[in-house]
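Asker: Below is the sequence, then the predicted model.
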Amino acid sequence: MTTPANFPRFGPLRRRIPIHGDPSLIAGHSPWSTGLYYFVLLAAMGVDLVTFHQVLLPALDETEEMLWVVVTGFTVICIAMSHTFGQQAKKAVSTRHAAGSRTTAWVNLLAWVALGAAAFAFRWEYSSLDIGSAFVVDGVEQTGMSDAALHEQHLAAWLFLALYVGTGVVSGGAGFLRHQPEVSRYNRALSLRTKAAAKHSRLDSNLQGSTKLAATVDKARLEHTQAWESLQVRCIAAADRVKREIQLKLLDKNTGQDTELPPAAPRPDVPPRSPGNPESPDEEDELR
Amino acid sequence: MKSLPFLRASLALRQVRKHLPKLRGQSSPEIDMADVRTRALELADDVDDRNAVAAQPVLFGYVDAHIADWLANMKTHHDTVQAELDLLSVRVTEVRAFYQIHHDDQQNVLDDLEAAVSHALERLSDPDAPFYDPEPRNKRRGRDS
């Protein structure tokens, strides 16, 4: 991203400057980079899983399975919060028209801090109060930890806090650095367009096929009508042939007599016709 | 996986493609004149020489009656095939209208998504590119464009 040098970099107009992006971002990250990205997130999740298990083990009097359910839920929630914080912070800082992104980022950040602080305080206090040894000195029972044990538990609490913050920073940073809303929006639009184009092509194919088939059926209907008309003509021709043969036969019988045979009489009955018969009586007479 | 209306349309087209060649083959029956010719010539042979003139229209009427009878039977067959062809035409027409409406609707969707893609690319190259709220389809329905 480059910014023009003549625009003020500070003040109320700072977020109004045009930022010209890089369309090559739509190519996305390399597979190795993406794999590393998810590996880092999974590693952070694993660290949080162990630390939350350490915290919740003395706190909840539940079965082991239920404990792991709670631990997994806490881990997913804290990673999701820190990751969402990073994404929304990126939206709030570097793009336009992302209403509510700043609020969402702050809410996620505060909830993430509250979760970590509560877990830290619990580990700090609970460890120092409950986990210890009881011994009797001069007939009086003494409850409490030795300074070394207390120091060790406090160190463990600090270690938890450091791991919690570290994984949160990794997850949030990954969300902040890798989140490209325009790229994902473009990819989503492109994917939807590709699917819509495939569906459109199938529908177009079906439409063309049905259009051609409709034309074929109409042609078959027309041919069927014409076939009926030509069938009538052929019947008339066949009948005329037979009539000529009869006439010749009768002429042979009439040889030697003075009277002549009359021409072929018109047919007494007219075969049924279809309404669109173009055959005219004159043409029939010519055929006869 | 096709939805039920699309499956029904596809099956209707398949049935039309299956039945159409059979119906087209029934359009041109051939008349068999051999029997009536043989019979008419036999009758002509049997005619006495003195009655030849009078027998001619009778024999012609015999042939015409045979033709008329055969054509009447064929007319029934012709009308049946014609009715089946009309039914195929109706089926194809309704399937075509079904595809046409879906095709037009999908064309609208595709046009909108083309605009979305170009706009997303524009926003990627220039995040300050203006964009407008899309107009609802129910406000656009009935217009030419």
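Answerer: Received, thanks. Numbers count the residues shown, from 1 in each chain, chains lettered A, B, ... in the order given.
Asker: What is the one helix or strand A:Thr225 maps to packed up against?
Answerer: Assessed by DSSP states H and E, A:Thr225 sits inside helix A:181-253. Applying 3 or more C-beta pairs under 8 Å, 6 or more residues apart in numbering or on different chains; DSSP states H and E, we find helix A:181-253 packed against helix A:281-287, helix B:4-24, helix B:34-46, helix B:52-125. Glycine gets a C-beta too; all of them are placed from N, C-alpha and C.
Asker: where in chain B is pLDDT low?
Answerer: Applying pLDDT under 70 to chain B picks out residues B:1-2, B:127-129, B:131-145.
Asker: same thing but at 80, please
Answerer: B:1-2, B:27-28, B:49, B:123-145 (pLDDT under 80).
Asker: One more: chain A?
Answerer: Looking along chain A with the criterion set at pLDDT under 80, you get A:1-31, A:58-62, A:93-99, A:125-150, A:152-153, A:178-182, A:184, A:253-288.
Asker: tell me the contacts of the residue nearest the centre of chain B?
Answerer: What sits nearest the mean C-alpha location of chain B, by C-alpha atoms, centre = their mean, is B:Ser89, with 3.4 Å. Counting by C-beta atoms under 8 Å, 6 or more residues apart in numbering or on different chains, B:Ser89 touches A:214, A:217-218, A:221.
Asker: What about these, which one has the most neighbours?
Answerer: Ranked by the number of neighbours (other C-beta atoms under 10 Å in any protein chain shown), those place A:Val217 first, at 24 neighbours.
Asker: ok, now which ones touch it?
Answerer: A:Val217 is in contact with B:16, B:20, B:85, B:88-89, B:92, counting by C-beta under 8 Å, 6+ apart.
Asker: just curious, which of the contacts of B:Ser89 is nearest to B:His103?
Answerer: Taking C-beta to C-beta as the measure, B:His103 lies nearest A:Ala214 of the contacts of B:Ser89, at 14.5 Å.
Asker: For the stretch 1-150 of chain A, which segments are assigned as helices?
Answerer: Secondary structure of the stretch 1-150 of chain A by DSSP state H, counting those that start in this stretch: the helices cover A:31-59, A:64-94, A:101-130, A:147-178.
Asker: of the ones you listed, which approaches B:Leu121 most closely?
Answerer: B:Leu121 lies closest, by C-beta to C-beta, to one member of the helices of the stretch 1-150 of chain A: helix A:64-94, at 17.9 Å.
Asker: now that closest one against helix A:181-253, angle please.
Answerer: Per axes from the mean of the first three to the mean of the last three C-alpha atoms, to 10 degrees, the angle that helix A:64-94 makes with helix A:181-253 is 90 degrees.
Asker: ok, and for stretch B:49-61, which residues are buried?
Answerer: The neighbour-count check on stretch B:49-61 (16 or more other C-beta atoms under 10 Å in any protein chain shown) flags B:52-53, B:55-56, B:59-60 as buried.
Asker: before we move on, back to that, for my notes, please list the helices of the stretch 1-150 of chain A in CSV and give mean neighbour count and distance to chain B for each entry.
Answerer: Output for the helices of the stretch 1-150 of chain A, formatted as CSV (neighbours: other C-beta atoms under 10 Å in any protein chain shown; distance: least, C-beta to the nearest C-beta, whole Å):
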stretch, mean neighbour count, distance to chain B
helix A:31-59, 15, 19
helix A:64-94, 18, 8
helix A:101-130, 16, 14
helix A:147-178, 17, 15
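Asker: Any idea which of the ones you listed gets closest to B:Val47?
Answerer: helix A:31-59 (101.7 Å).
Asker: And that closest one, what does it pack against?
Answerer: With contacts defined as 3+ C-beta pairs under 8 Å, 6+ apart, the packing partners of helix A:31-59 are helix A:64-94, helix A:101-130, helix A:147-178.
Asker: which other helices and strands contact the second one?
Answerer: For helix A:101-130, the elements it packs on are helix A:31-59, helix A:64-94, helix A:147-178, judged by 3+ C-beta pairs under 8 Å, 6+ apart.
Asker: what would the ones you listed look like in JSON lines with distance to B:Lys75?
Answerer: Formatted as JSON lines, the helices and strands packed on helix A:101-130 follow (distance: least, C-beta to C-beta, whole Å):
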{"stretch": "helix A:31-59", "distance to B:Lys75": "74"}
{"stretch": "helix A:64-94", "distance to B:Lys75": "79"}
{"stretch": "helix A:147-178", "distance to B:Lys75": "80"}
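Asker: which stretch among those helices comes nearest B:Ser118?
Answerer: With C-beta to C-beta, the closest approach to B:Ser118 among these belongs to helix A:64-94: 22.1 Å.
Asker: list the helices and strands the closest one packs on?
Answerer: Under the contact criterion of 3+ C-beta pairs under 8 Å, 6+ apart, helix A:64-94 touches helix A:31-59, helix A:101-130, helix A:147-178.
Asker: which stretch among the helices and strands packed on helix A:181-253 comes nearest A:Gln180?
Answerer: For A:Gln180, the closest of the helices and strands packed on helix A:181-253 is helix B:52-125, at 8.4 Å, according to C-beta to C-beta.
Asker: how distant is that closest one from the center of its chain?
Answerer: Computed by C-alpha atoms, centre = their mean, to the nearest Å, the chain-centroid distance of helix B:52-125 equals 2 Å.
Asker: how many degrees apart are it and helix B:34-46 in direction?
Answerer: 170 degrees.
Asker: got the angle between helix B:52-125 and helix B:4-24?
Answerer: Interaxial angle of helix B:52-125 relative to helix B:4-24 (the same axes, to 10 degrees): 150 degrees.
Asker: sorry, back to before: closest one to B:Val36 among the helices and strands packed on helix A:101-130?
Answerer: B:Val36 lies closest to helix A:31-59 among the helices and strands packed on helix A:101-130, at 85.6 Å (C-beta to C-beta).
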